[in-house]
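[1] Okay, here's the prediction I keep looking at, along with the sequence it came from:
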Amino acid sequence: MAFRDPVDKNMLRMEGRRFAARCEAQVSSIERADTLREVARLASSMTLPYSIADDYTARDALRLVQMRAEDRARELIQDQIQNFARAEEAHREKQKRAMLDAWANLTGPLGHLRTWAQSRLVAAEQQNSQAATPPAITRE
């Protein structure tokens, strides 16, 4: 493609705008998603076509999709951890297994959230264990 040709430039610009519109639709789908599997699927399904790789509008739109997917995944993970912290002791192990299974879906652009989620889970477990143990008696 000759980039000096005005028709080709306009075609690339139009393709960039079409991709940005698809990204906006993807963001709204991500905001409605209620499982980590769905968020991860929606985040990884958008790829930037090579023909518009230099278009800033398209790259910004794809970055917005990835940022919104990460934010939504963080919200869902925090909800899971809050539910884990509030659960009864007998149900916590089952919830922990379910959370770890759900976090296995965090791949691609959301793969780094798996370690973040596990650190948040460890912190919640430590808070629960500290709240469950009575304070030590000190002699003065």
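    Happy to help now that I have it.
[2] How about the contacts made by residue 74?
    Counting by C-beta atoms under 8 Å, 6 or more residues apart in numbering, residue 74 touches 113, 116. To be clear about C-beta, it is placed using only N, CA and C from the backbone, and glycine gets the same treatment.
[3] Distance of it relative to residue 16?
    Look at residue 74 and residue 16: by C-beta to C-beta, to the nearest Å, they are 29 Å apart.
[4] lowest average confidence, helix or strand, in the chain?
    Across the helices and strands of the chain, mean pLDDT, DSSP states H and E gives its lowest value to helix 113-132, namely a mean of 89.
[5] What is that helix packed up against?
    Packing partners of helix 113-132 (3 or more C-beta pairs under 8 Å, 6 or more residues apart in numbering; DSSP states H and E): helix 56-86, helix 89-103.
[6] how does it look with 6 Å?
    In this structure, helix 113-132 makes packing contacts with helix 56-86, judged by 3 or more C-beta pairs under 6 Å, 6 or more residues apart in numbering; DSSP states H and E.
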